[in-house]
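Engineer: What shape does this take:
(chains A and B)
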There are 2 protein chains.
Amino acid sequence: MASLSLLRQNHFFSATLPTRPKPKYASPPARVQMSLQQNAPTIAVVGVTGAVGQEFLSVLSDRDFPYSSIKMLASKRSAGRHLTFENKDYVVEELTAESFNGVDIALFSAGGSISKKFGPIAVDRGTIVVDNSSAFRMDENVPLVIPEVNPEAMENIKVGMGKGALIANPNCSTIICLMAATPLHRRAKVLRMVVSTYQAASGAGAAAMEELELQTREVLEGKPPTCNIFNRQYAFNLFSHNAPVLPNGYNEEEMKLVKETRKIWNDKDVKVTATCIRVPVMRAHAESVNLQFENPLDEDTARDILKNAPGVVVIDDRESNNFPTPLEVSNKDDVAVGRIRRDLSQDGNQGLDIFICGDQIRKGAALNAIQIAELLL
Amino acid sequence: MASLSLLRQNHFFSATLPTRPKPKYASPPARVQMSLQQNAPTIAVVGVTGAVGQEFLSVLSDRDFPYSSIKMLASKRSAGRHLTFENKDYVVEELTAESFNGVDIALFSAGGSISKKFGPIAVDRGTIVVDNSSAFRMDENVPLVIPEVNPEAMENIKVGMGKGALIANPNCSTIICLMAATPLHRRAKVLRMVVSTYQAASGAGAAAMEELELQTREVLEGKPPTCNIFNRQYAFNLFSHNAPVLPNGYNEEEMKLVKETRKIWNDKDVKVTATCIRVPVMRAHAESVNLQFENPLDEDTARDILKNAPGVVVIDDRESNNFPTPLEVSNKDDVAVGRIRRDLSQDGNQGLDIFICGDQIRKGAALNAIQIAELLL
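Structural biologist: Numbering: from 1, shown residues only, chains lettered A, B, ... in the order given. Sure thing, here's the model as predicted:
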């Protein structure tokens, strides 16, 4: 698949970085232990040929996620393709209602309409669905979970409880933002958050990444850029996020940050505004976040809190101007935070500015979903 | 010069844009009328071989700026080069103290240390210096001027008054931000402003633009990127602005936005915070700006105010998701504003979010300086 080669091409990512101090990443996550392989769950990956679907497989493998069998599911168009995963050959099957018979956990990333149609079907057949689409995120009966942030929201849902359930994976921008903001929120209570994003092509799928690469080649050759996915030049340019704009002037991507934050923090009063922008970067998002707190929080304490936060790495070297970049978090699990400083526009220590980078496909999607699946075991 | 060809290569800019609605730009500026050519001022361009120096010449020509003679000045390294300007051949001269004899207006863009050394020398010889560096911006005796915003700051300085003077051109990010924020500030008084920037390569000069292009070619070919200017990969990446970081955690670029806004608005109480980020875009900056007002200002009124603001064009079409992009303002005079919406995180109409794009070399530097020079006549 074209998408796979692009997603893994080293030259877009850290491998070609010039020598600079390597950030200290947190230790690899503790492996899930299963005493008996026959107790391992049966898994289905829905949308396996997409960018996130492929990353589901990478993450399952990287984390030694236990499974007794795995079904590779996709649309009719992709059915019949061959895949190799952990030295075993698979044929991609067409997604149907029958696909979920005997499946314990289904990881969905095939778009909202597929989730809306097949999510409830899977649940009826006793499958626990971890859904990466926005279809059920704001449904009050569906937990919306970042495992480092609110695992308690899904504490009653387990494999083996004899019934299906839906769990929603938050939007990528929300996950990346809250990975850094939550540890500070727990200490000082965030009253208001102003977010500006710098979002990668990957959020629009593998085809968007391919178009950014193609356009860049074309522009460098003096040719008009091919505009199939975004209908405008993306190479050497940036633009307001392509999600539909709502009557209030916010686009849907921005409203996800507003609403999902309230749900995940279980705090309907937290005030959030966001401006979401696509930048010509391949697969990691960046976010500039301004925080207002109820209680004072000085920048040194904030830095210590973030250094000790799970899944977060602090890169904040003022002297050498070394701060997080999307390139260095690409293909990494941890979210990187830097530019941690007292906000001069607020009194005392009532506010901070921070800058966050995180891999959109990994922690922004696939990794978070599989961490949710780990909580189910 | 390599820089010139790069600056003008069409394929980076609007010429290759796919067909989309062309924004309505404001009418060309009124031409400066001089009754007698012999009364036209003598001009010197200091740093004429740089990106901004070259743009000084373009803008002088585009605006039919009157001059009786023009000196092309640069460092010893560039002296002796030949230039053609308005069908006349020039030899670039080495900048010395004597260069300013008989010069009415000197446009400086050769870095802070050249300005610090030669600015006062030029003033002593009766020259009015319009300086694009940061050397004198915060000097309380030097006006810091955006002609659409605070022309009154330099109202006593004119060519022909028989003595020299210094006038500072604000930093590019400040100019672009305040072109849009000032008309709203005049109506509703800005109390606090949270800015996140998306800054182009051009702010670091022509060599940085060349490095971005070179790195992009290298990365696409799978080669390690050449890192001379920025010491890191810029292609398909972004990073915290390369200006030195101060003990308060802000970098110098960010503090310019904070301090210059206070000086230009003559309002030492306005609260500003900024996070300045470089993105892989060639020559136009974007800024996401969150505003808090003393008095309520609804979004429709704000849009009308901006539509009528000089030097500002509104691109704010929610239905077709058409908002400002750096590409379409490249090589343009006007600053474009869109995403104008009530900030949901503030009460009532006390706040707005807006998104601004402006050409860094043109309105962010050369055009603003030459508009200042026009006020001197």
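
Engineer: Mind exporting the C-alpha coordinates of stretch A:133-151 to PDB?
Structural biologist: Presented in PDB, the C-alpha positions along stretch A:133-151 are these (Å, rounded to 0.1, in the frame of the first residue of the first chain):
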ATOM      1  CA  SER A 133     -14.200   8.500  15.100                       C
ATOM      2  CA  SER A 134     -16.200  11.400  16.500                       C
ATOM      3  CA  ALA A 135     -19.500   9.500  16.100                       C
ATOM      4  CA  PHE A 136     -20.100   8.700  19.800                       C
ATOM      5  CA  ARG A 137     -17.700  11.000  21.600                       C
ATOM      6  CA  MET A 138     -20.300  13.400  23.000                       C
ATOM      7  CA  ASP A 139     -22.900  10.600  23.700                       C
ATOM      8  CA  GLU A 140     -23.400  10.800  27.500                       C
ATOM      9  CA  ASN A 141     -23.500   7.000  27.700                       C
ATOM     10  CA  VAL A 142     -20.200   6.500  26.000                       C
ATOM     11  CA  PRO A 143     -17.000   7.100  28.000                       C
ATOM     12  CA  LEU A 144     -14.500   9.400  26.300                       C
ATOM     13  CA  VAL A 145     -11.100   8.300  27.600                       C
ATOM     14  CA  ILE A 146      -7.400   9.300  27.700                       C
ATOM     15  CA  PRO A 147      -6.000   6.500  29.900                       C
ATOM     16  CA  GLU A 148      -3.500   8.900  31.600                       C
ATOM     17  CA  VAL A 149      -6.300  11.400  32.300                       C
ATOM     18  CA  ASN A 150      -9.700   9.700  33.100                       C
ATOM     19  CA  PRO A 151      -9.400   5.900  33.200                       C
END
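
Engineer: pLDDT of it, averaged?
Structural biologist: Averaged over stretch A:133-151, pLDDT sits at 98.

Engineer: likewise stretch A:356-365?
Structural biologist: Mean predicted lDDT for stretch A:356-365 stands at 97.

Engineer: residue with max distance from the center of chain A?
Structural biologist: Here the centre of chain A is the reference, and by Cα atoms, centre = their mean the most remote residue is A:Gly222, at 34.9 Å.

Engineer: my read is that residue is in a strand, agree?
Structural biologist: No: with DSSP: H, G, I helix; E, B strand; the rest coil as the criterion, A:Gly222 is located in coil rather than a strand.

Engineer: Quick check: chain neighbours aside, which residue is closest to A:Gly311?
Structural biologist: Spatial nearest neighbour of A:Gly311, excluding adjacent residues (Cβ to Cβ, 6 or more residues apart in numbering or on different chains): A:Glu148 at 5.0 Å. No exception for glycine: its C-beta is placed from N, CA and C like everyone else's.

Engineer: actually A:Ala286, sorry about that
Structural biologist: Nearest one to A:Ala286, counting by Cβ to Cβ, 6+ apart, is A:Tyr198 at 3.9 Å.

Engineer: residues contacting that neighbour?
Structural biologist: Contacts for A:Tyr198 were tallied using Cβ atoms under 8 Å, 6 or more residues apart in numbering or on different chains; they are A:238, A:277, A:279, A:281, A:285-288, A:326, B:198, B:238, B:277, B:279.

Engineer: Kindly report the same for A:Val272.
Structural biologist: Neighbouring residues of A:Val272 by Cβ under 8 Å, 6+ apart: A:Arg192, A:Met193, A:Val195, A:Leu257, A:Val258, A:Thr261, A:Arg262, B:Leu344, B:Ser345.

Engineer: Phi and psi next, for the residue lying closest to the fourth one once chain neighbours are set aside.
Structural biologist: Ranked by Cβ to Cβ, 6+ apart and with sequence neighbours excluded, the top spatial neighbour of A:Leu257 is A:Ala274, at 4.3 Å. The phi and psi torsions at A:Ala274 (degrees, to the nearest 10) take the values phi -150, psi 150.

Engineer: For the residue nearest to A:Gly311, grab the count of nearby residues.
Structural biologist: Using other Cβ atoms under 10 Å in any protein chain shown, A:Glu148 is surrounded by 19 other residues.

Engineer: Restrict stretch A:225-235 to CA atoms and write it as PDB.
Structural biologist: Taking C-alpha atoms only, stretch A:225-235 is exported to PDB below (Å, rounded to 0.1, in the frame of the first residue of the first chain):
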ATOM      1  CA  PRO A 225       0.100  21.700  -7.400                       C
ATOM      2  CA  THR A 226      -2.400  18.800  -7.500                       C
ATOM      3  CA  CYS A 227      -5.300  19.700  -5.300                       C
ATOM      4  CA  ASN A 228      -7.500  16.700  -4.800                       C
ATOM      5  CA  ILE A 229      -7.800  16.400  -1.000                       C
ATOM      6  CA  PHE A 230      -7.700  20.000   0.100                       C
ATOM      7  CA  ASN A 231      -8.600  22.000  -3.000                       C
ATOM      8  CA  ARG A 232      -5.800  24.500  -2.400                       C
ATOM      9  CA  GLN A 233      -2.000  24.700  -2.200                       C
ATOM     10  CA  TYR A 234      -0.800  23.100   1.000                       C
ATOM     11  CA  ALA A 235       3.000  23.000   0.100                       C
END
